[in-house]
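**Student:** Have a look; sequence and predicted model below, questions after that.
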Amino acid sequence: MADRNSRFGVKRKEKKAENKASDEKDKEKEKVKEKAVKKPDKVVKKTEKAPEPPKTDEGKRNGEGGEAAGGEAKNSEENGEFQPIELPPFEIIRGEQMSLFYFKFQFRNVEYSSGRNKTLLCFRVDTAGGSTEPLKGYMEDEHATAHAEEAFFQQVLPNSNSSQEYDVTWYVSSSPCVACAAKLANILRQRKKLRLCIFCSRLFEWEQPEIVEGLKALVSAGCKLRMMKPADFQHVWETYVDKEDQTFTPWEDCQENYEYYMEKLADILK
């Protein structure tokens, strides 16, 4: 009988020990859960780099960004891969109408043309007798090896009929540079039946002596050089701009700047 009671006593003790161990395990689990709630995972914040400003056309022409491209090519070579660097297109952009933004920015006749490093050229070509429709369009030099003035005679009027008379009218965002003025003067001397009239929004570096001499030589070769007045801007707007049903409103100093440039051009050509 004593043996039986002793066996039951041992079983009770073992059961109590098991229950105690189970309770301790449950308590440990609860503590772990509490810790998980009280101490959330630490959030690691990544430092964000400020977005780099887009490269301007002038920056691209000066070769900015080449170092980054070279670094990418170098890394590719080290990894055993070679990827050619993609260069910007070398071309003259030509179309029937320019964007509204380009007109408002590039053609504005401000005195200091910071950032306006394109040349936009709107053209009209009339033949004597009016037997054909006038040829119209616009050009811009974008990352180009040639300026728009020179490209006009390469693309629009490359091989004109020597016996045919042409009246060419340009509306340009800026007057020709030294090199273009010299090339245009040479073309006019060679093509006697070609008449060129250039309406300029602004004068390019008009204080430079070589620019003054270049414009004088161009006029001496037969070119008519004019500054664009408000009515001319209106004409360009209606003919060469994709204006999206908007009406043209001259900027506040449009007339004043026209008069300013007229005086400068008169001083150059006197």
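**Tutor:** Sure thing, it's come through.

**Student:** Which residue comes closest to Lys229 once chain neighbours are left out?
**Tutor:** Counting by CB to CB, 6 or more residues apart in numbering, Tyr258 is the residue found nearest to Lys229 once chain neighbours are left out, at 4.9 Å. All C-beta spots, glycine's among them, are computed from the backbone N, C-alpha and C.

**Student:** Report the contact partners of that neighbour.
**Tutor:** With contacts defined as CB atoms under 8 Å, 6 or more residues apart in numbering, Tyr258 is in contact with Asn109, Met227, Met228, Lys229, Pro230.

**Student:** most neighbours, which of those residues?
**Tutor:** Asn109 (27 neighbours; other CB atoms under 10 Å).

**Student:** how close does it get to Lys183?
**Tutor:** According to CB to CB, to the nearest Å, Asn109 and Lys183 sit 25 Å apart.

**Student:** Give me the distance between Tyr258 and Trp237.
**Tutor:** Relative to Trp237, Tyr258 is positioned 15 Å away (CB to CB).

**Student:** I misspoke; the intended subject was Trp251.
**Tutor:** Distance check for Trp251 against Trp237: by CB to CB, it reads 12 Å.

**Student:** any idea whether Ser175 is helix, strand or coil?
**Tutor:** coil (DSSP: H, G, I helix; E, B strand; the rest coil).

**Student:** same check, this time on the one 10 residues further on
**Tutor:** When the structure is split into helix, strand and coil by three-state DSSP, Ala185 lands in helix.

**Student:** my read: it touches Leu218, true?
**Tutor:** Yes. Counting by CB atoms under 8 Å, Ala185 does reach Leu218; the two are 4.9 Å apart.

**Student:** quick one, which of these two is more surrounded?
**Tutor:** Each of Ala185 and Leu218 has its neighbours counted (other CB under 10 Å); Leu218 has more, 25 against 22.
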